[in-house]
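[1] Here's my sequence, what's the structure:
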Amino acid sequence: MSSAYEVCTSQHGSELSVELLQCVSDAAENGRNDISSGLNSFFLIYAGALVFFMQVGFAMLCAGSIREKNVKNVLLWNLLDSAGGAFGFWSVGYAFAYGGQDASKGKTFIGNSDFFLTGDTDLEFWFFQYAFACALSSIVAGTIAERTKMMAYLCYSIFLCGFVYPVCAHAFWSSNGFLSAFAAEPLWGAGVIDFAGSGPVHMCGGVAALVMAIILGPRRGRFYDDDGVELDEPKAMGPHSVTLQYTGTFALWFGWYGFNPGSSIYISTAAYGDVSSLAAVNTTLGSAAGALSGMFTSTIVDERKTGVYTWDTTAAMNGCLTGLVAITAGCATVEPWAAFVIGILAGWIYLAASSLMLRLKIDDAVDAIPVHMFGGAWGVIATGLFTSPGRLEKAYNTTEWGRGSGNFTLLGCQLVSVLFVLGWSACIFGPFCMLLKTLNWLRIDPLEEEVGMDISRHKGPAYESEGSAKADAVAALSASRHDLLNISNSLSGRQGKSSKNELAQKEEHADDSVKAGSVNAA
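    A predicted model of the protein is given here:
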């Protein structure tokens, strides 16, 4: 390959001239631009890989937080997050979020081009955003674990990644989004500041989890006995492995260093490097403060109740995760001291929200609603309270909040965005879940729930150990399925011309057998 000087001298001669100098200068500039472009692409792919690694964290955290009879089921779910989410985001999700964005076109509700990546798309940006979409889908998985059909999970995973999340992402981050700070005319002259997704990712997923948990209902025996009588205290159901829980927590924390610093998108200049560095530092401080706040506050509360000091591993773990969620929005626009304060308050918010879920009898198997919905809402609001004018100018190239007017414009924008995410996610996901329920695609059979999804639907338990499922419950499930198989065979054979009344009677008898088996197993 010829050097830039050789190419230029071949065109303009070796004599020193303005044309020769201009040619060499242009060649050098093009070379620097190529290096910058390649560096930015590698940075985004690397950051996206870290975000995708969070799927390992979600899988381990969910598996450890539930009972061992459903471990294979929830692990498969987390794999399908990536598979179903890839289809949904590739086919329509990315197009709805960023397709056809052009600031000169004004504000739009949803993107309208680049379906199936048919347009001129930045592939590294698509990959980074795909990892975000998968993370959102996994938030719901833990909440509804141990009682949801596989069909429902596949449907909602594609729906979330293909439609619900992209609309939120478009509103917050597209140059045509009505909340976006990148729009030509941002909301109230400021727009919403959410650097990495406390609102469009975490709160959106948390609201979806809340809606689905309410429609789905709690696990059997969680708040009521088999006769429907309310229990004095909610029955504990897991975790079966604190080791898996903490492995998942550390994996998520590690992946968050791609989630937040990677949201600068570029890294090729000193200014971008400063923004990413601040995001990494604030991510660390927010998570650390959340863990300390959650654990020590829980210890103090327990000591006041019982007189004994205990150290709650769940409070520390979920306090850490809530701190991570909360600092995500303002990680590049708040000072480090503010990140620590945000994390402290996040730990308290988690404890209060977790207690509220129990009082309302909303069954969240992994406490994803307190962590992501409440933590995400706090993160968006906290960004409006603590954003530094200097940090905002570096990250967003705007001084709207730095004029010293004190008019709370940014805080107002942040509150509007919280209401938007809450309203959009609940109003669109609620009817979707009701449709699944109407089609009988939502909740598993009570007997299958008693036995566990691993044995009933995944060909055996995750662990070969005694006590993974009750023997009488397994026997009842096998008997009921045998009866149903005999009915199916008889209807397809000699008695294929049975009347509709006879068919209805036999199916009713089979249903009674399943219900009787469920009661005996309990």
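[2] Val275 and Ala332 touch, don't they?
    Yes: between Val275 and Ala332 there is a contact at 5.1 Å, judged by CB atoms under 8 Å. C-beta coordinates here come from the backbone N, C-alpha and C atoms, glycine included.
[3] centroid residue for the protein?
    Among the residues of the chain, the one closest to the centroid is Leu136, at 2.0 Å (CA atoms, centre = their mean).
[4] and the closest residue to that one other than its chain neighbours, what helix or strand is that in?
    Leaving aside its chain neighbours, Leu136 sits nearest to Gly205 (4.2 Å; criterion: CB to CB, 6 or more residues apart in numbering). Applying DSSP states H and E as the criterion places Gly205 in helix 204-216.
[5] Using CSV, write out the CA atom coordinates for that helix.
    C-alpha atoms of helix 204-216 as CSV (Å, rounded to 0.1, in the frame of the first residue of the first chain):
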residue,chain,number,x,y,z
CYS,A,204,-40.5,0.1,31.6
GLY,A,205,-39.5,-3.5,32.4
GLY,A,206,-40.5,-3.0,36.1
VAL,A,207,-44.0,-1.7,35.1
ALA,A,208,-44.5,-4.6,32.7
ALA,A,209,-43.5,-7.0,35.5
LEU,A,210,-46.0,-5.3,37.9
VAL,A,211,-48.9,-5.6,35.4
MET,A,212,-48.2,-9.2,34.6
ALA,A,213,-47.8,-10.1,38.3
ILE,A,214,-51.2,-8.6,39.1
ILE,A,215,-53.0,-10.3,36.2
LEU,A,216,-51.2,-13.6,36.7
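[6] Show me what that helix is packed up against.
    Here helix 204-216 touches helix 123-143, helix 165-173, helix 368, helix 375-386, helix 409-438, going by 3 or more CB pairs under 8 Å, 6 or more residues apart in numbering; DSSP states H and E.
[7] what about the stretch 1-150 of the chain, any weak spots by pLDDT?
    Applying pLDDT under 70 to the stretch 1-150 of the chain picks out residues 1-2, 5, 20.
[8] circling back to that earlier point, what touches both of Val275 and Ala332?
    Taking CB atoms under 8 Å, 6 or more residues apart in numbering as the contact rule, Val275 and Ala332 both touch Ser264, Lys394, Ala395.
[9] Make JSON lines out of those and add secondary structure.
    Below are those laid out as JSON lines (DSSP: H, G, I helix; E, B strand; the rest coil):
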{"residue": "Ser264", "secondary structure": "helix"}
{"residue": "Lys394", "secondary structure": "helix"}
{"residue": "Ala395", "secondary structure": "helix"}
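[10] Separate out the buried members of these.
    Using 16 or more other CB atoms under 10 Å as the burial test, the shared contacts of Val275 and Ala332 include Ser264, Lys394, Ala395 as buried.
[11] Out of those, which is nearest to Trp378?
    Nearest to Trp378 out of these is Ala395 (CB to CB; 20.0 Å).
[12] can I get the buried ones among the shared contacts of Val275 and Ala332 in CSV with pLDDT and distance to Asp120?
    Listed next are these as CSV, based on pLDDT from 0 to 100; distance: CB to CB, whole Å:
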residue, pLDDT, distance to Asp120
Ser264, 95, 23
Lys394, 92, 30
Ala395, 93, 27
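[13] which one is Ser388 nearest to, not counting chain neighbours?
    Nearest non-adjacent residue to Ser388 (CB to CB, 6+ apart): Glu335, at 5.3 Å.
[14] who's in contact with the residue lying closest to Ala184 once chain neighbours are set aside?
    Excluding the flanking residues, the one nearest Ala184 by CB to CB, 6+ apart is Ala103, at 4.4 Å. Neighbouring residues of Ala103 by CB under 8 Å, 6+ apart: Ser175, Asn176, Phe182, Ala183, Ala184.
[15] swap in Thr313?
    Applying CB under 8 Å, 6+ apart to Thr313 gives the contacts Val242, Gln245, Tyr246.
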